[in-house]
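K.L.:
mind looking at a prediction? Sequence and model below.
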Number of protein chains: 2
Amino acid sequence: MTSITSVTRAPRLSDEVARQLTAAIRSGEFAPGARLPSEKELAERFEVSRMVVREAMSRLKSDELIDTRQGLGAFVAAEPGRGLFRLEPDPAIAKDLHDIFQLRVAVEGAAAGLAAVRANRRELAMMRACLREMKVSVAGREDDIEADNRFHATIAQASRNPYFDRFLTFLGANLHGAIAKARSNTAARHPRSVLAVQAEHEAVFAAIERRDAPAAEAAMRSHLSAAMERLGLGPFTGARL
Amino acid sequence: MTSITSVTRAPRLSDEVARQLTAAIRSGEFAPGARLPSEKELAERFEVSRMVVREAMSRLKSDELIDTRQGLGAFVAAEPGRGLFRLEPDPAIAKDLHDIFQLRVAVEGAAAGLAAVRANRRELAMMRACLREMKVSVAGREDDIEADNRFHATIAQASRNPYFDRFLTFLGANLHGAIAKARSNTAARHPRSVLAVQAEHEAVFAAIERRDAPAAEAAMRSHLSAAMERLGLGPFTGARL
DNA sequence: GCTGACCGGTTATCATACAAGTGGGAAAGC
DNA sequence: GCTTTCCCACTTGTATGATAACCGGTCAGC
């Protein structure tokens, strides 16, 4: 047995039905406001039980692609996909990774600017603690991703805008896996870049601490843009603040 | 019959079950990786049929909150909610509206900066056309929301980053309803503010046309921040670029 | 012309049954 | 005692059929 690989598990029927219906709606085959065929009819067309169709519809409902009313039928939502922002599970393509990271740079930069205005003593103390912790690690020639993430998360919270916080957490969760992979490819970080990261972090914090919003935003963008380059994603190429 | 109001339609059972399960997972009652009770057990606990539970689970699956495997059970995802960013259907609260709009300011500002670098001739022509169209409307003392939206959408596309584009479309869809309501409250726009809007748009376009990214970003932020104030949402309070 | 009961079709829910996958433990073999 | 095999309980996936609630239109009755 030489070329064994993971077997392809049979996909669930409801997944497949949901996929096809979603595609049909997104492609405009069913226009907004149009009525979908009845569950019975769809069940016959897909050659599955009505339950499978119902489960698929249930998912479309939670994605706000359709709207159902008892006795009437299922209708394509006026704005299909509103209220929902999705990212593909694992952005393997470097271009996508670059684009998502770019979005993060913009948002987290603005978050740092807000944090400079709004951060309270507790949050400043937290950032300071993270910096200290990372500094210790730098001395030991390794990086402390844990403290790094905490530092960024604290800034997001200090923006006092829960939507910034939530969106950055969301982007982070989607980037972390890909970043870890990219990092393992480019071998371990050089001690030099560890030092650079530390300096960048300190620049961000210094600006926040002295309540200098533009400087904080610029420092954060500069830091993240440098991080992009370290990961081999190319520069930010946005506005140089 | 004085105080008649729209009746509260009985919520679907599967909605309610999905809501409670989602809350339980988000609150950490079921930790990541933990196994949920079986469908049978949940059905008994909620006093509904197994079908209802299955439909609810189906939605949690599509939200990537849980993962099910035949014969084993349902498990909370390692990172619940990763890959999905949701906004509440109708952010009625002014604070939320302000926060979401603030996020838009940050992202669309950056998009304008990117557009200044990357916009091609076709996109510049499109922006110019929108400006002309709005100018005509200004002369007639009314605003052209259609052309306004198209102008902003073109800038988002010109950023050449599909994630900026998609995210701004997403935010726009969620804000439009609330904005329309806020606008009807503050009566019709004054002719003065219509003129101001036109001037702001032209400033944004001028910066993009001369490939001045920082100026484009600043102009867009200034424009959107002014829009926030016109809607009674307060200023942006971010970094002044 | 208007009202109101009725009807066919649709979704929502329930109950039950069977198929298929999983893991553990009983039972058999050594 | 140890290993291997097989069986069984449990779980999710799918199918079927039935009932309730709901909706829009129809049509008899007035």
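P.N.:
Here it is on my side, so go on.
K.L.:
which residue does chain A have closest to DNA strand D?
P.N.:
Nearest to DNA strand D in chain A, going by Cβ to the nearest atom of the strand, is residue A:71, at a distance of 2.3 Å. C-beta here means a position set from N, CA and C on the backbone, and glycine is covered the same way.
K.L.:
specify the local secondary structure of that residue.
P.N.:
Going by DSSP: H, G, I helix; E, B strand; the rest coil, the secondary structure assigned to residue A:71 is coil.
K.L.:
what of residue A:85?
P.N.:
Put simply, residue A:85 is strand when judged by three-state DSSP.
K.L.:
OK, contacts around the spatially most central residue of chain A?
P.N.:
For chain A, the residue whose C-alpha lies nearest the mean C-alpha position (Cα atoms, centre = their mean) is residue A:171; its distance is 2.0 Å. For residue A:171, the contacting residues are A:100, A:103, A:104, A:107, by Cβ atoms under 8 Å, 6 or more residues apart in numbering or on different chains.
K.L.:
got the confidence number for it?
P.N.:
The predicted local distance difference test score for residue A:171 is 93.
K.L.:
name the helix or strand for it, please.
P.N.:
Using DSSP states H and E, residue A:171 maps to helix A:162-185.
K.L.:
following that helix, which helix or strand shows up next?
P.N.:
Past helix A:162-185, heading to the C-terminal end, the next element that is a helix or strand (DSSP H and E) is helix A:191-209.
K.L.:
which members of the contacts of residue A:171 additionally contact DNA strand D?
P.N.:
When Cβ under 7 Å from any atom of the strand is taken as the criterion, no member of the contacts of residue A:171 contacts DNA strand D.
K.L.:
please identify which pair of those residues lies farthest apart.
P.N.:
Put simply, by Cβ to Cβ the two of those set farthest apart are A:100 and A:107, 10.8 Å from each other.
K.L.:
and residue A:114, what element?
P.N.:
Following DSSP H and E, one finds residue A:114 within helix A:94-118.
K.L.:
which ones are touching the residue of chain A closest to DNA strand D?
P.N.:
Not one residue lies near residue A:71 by Cβ under 8 Å, 6+ apart.
K.L.:
what sits up against stretch A:122-133?
P.N.:
So stretch A:122-133 is in contact with A:115, A:119, A:144, A:147-148, A:150-151, A:154-155, A:157-158, A:198, A:201-202, A:205, A:208-209, going by Cβ under 8 Å, 6+ apart.
K.L.:
can you list the residues of chain A near DNA strand D?
P.N.:
Of all the residues in chain A, those in contact range of DNA strand D (Cβ under 7 Å from any atom of the strand) are A:12-14, A:47-52, A:55, A:69-72.
K.L.:
are any of those buried, and which?
P.N.:
Of the members of these, the ones counted as buried by neighbours, 16 or more other Cβ atoms under 10 Å in any protein chain shown, are A:12, A:13, A:14, A:48, A:52, A:55.
K.L.:
show me which residues of chain A are close to DNA strand C?
P.N.:
If contacts are counted using Cβ under 7 Å from any atom of the strand, the residues of chain A sitting beside DNA strand C are A:10, A:36, A:38-41, A:51, A:54, A:57, A:68-74.
K.L.:
out of the helices and strands in chain A, which is least certain?
P.N.:
Least confident helix or strand of chain A, by mean pLDDT, DSSP states H and E, is helix A:162-185 with a mean of 83.
K.L.:
may I see the buried residues of that helix?
P.N.:
By neighbour count with 16+ other Cβ under 10 Å, helix A:162-185 contains the buried residues A:163-175, A:178-179, A:182-183.
K.L.:
per-domain residue ranges of chain A.
P.N.:
Listed by automatic domain parsing, the domain ranges of chain A are A:13-76, A:94-230.
K.L.:
lowest average confidence across the ones you listed, which one?
P.N.:
When I compare the domains of chain A, domain A:94-230 is least confident, with a mean of 88.
K.L.:
end to end on that one, go ahead and measure it.
P.N.:
With Cα to Cα, to the nearest Å applied, domain A:94-230 spans 14 Å between its terminal residues.
K.L.:
ok, now which ones touch the nearest residue to residue A:81 once chain neighbours are set aside?
P.N.:
Using Cβ to Cβ, 6 or more residues apart in numbering or on different chains and skipping residues adjacent in sequence, the residue nearest residue A:81 is residue A:65, 6.4 Å away. For residue A:65, the contacting residues are A:22, A:25, A:76, A:77, A:80, A:81, by Cβ under 8 Å, 6+ apart.
K.L.:
and with 10 Å instead?
P.N.:
Applying Cβ atoms under 10 Å, 6 or more residues apart in numbering or on different chains, one finds that residue A:65 lies in contact with A:18, A:21-22, A:25-26, A:30, A:32, A:57, A:59, A:74, A:76-77, A:79-82, A:84.
K.L.:
of the contacts of stretch A:122-133, buried ones?
P.N.:
Burial by neighbour count, 16+ other Cβ under 10 Å: within those this picks out A:115, A:119, A:144, A:147-148, A:150-151, A:154-155, A:157-158, A:198, A:201, A:205, A:208.
K.L.:
what's the nearest residue to residue A:36 if we skip its chain neighbours?
P.N.:
Closest residue to residue A:36 apart from its sequence neighbours, by Cβ to Cβ, 6+ apart: residue A:74 at 4.4 Å.
K.L.:
and that neighbour, what are its bridge partners?
P.N.:
In this entry, residue A:74 is beta-bridged to residue A:68, by DSSP bridges.
K.L.:
just checking, it touches residue A:57?
P.N.:
Yes - with contact taken as Cβ atoms under 10 Å, residue A:74 and residue A:57 are classed as touching, separated by 6.0 Å.
K.L.:
so for those two, which residues contact both of them?
P.N.:
If you check residue A:74 and residue A:57 against Cβ under 10 Å, 6+ apart, the residues they both contact are A:21, A:36, A:39, A:42, A:65, A:66, A:68.
K.L.:
from these, which ones fall inside helices?
P.N.:
When DSSP state H defines the helices, the subset of these inside them is A:21, A:39, A:42.
K.L.:
mind putting the residues you listed in TSV, neighbour count included?
P.N.:
Putting those into TSV (neighbours: other Cβ atoms under 10 Å in any protein chain shown) gives the following:
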residue	neighbour count
A:21	24
A:39	19
A:42	21
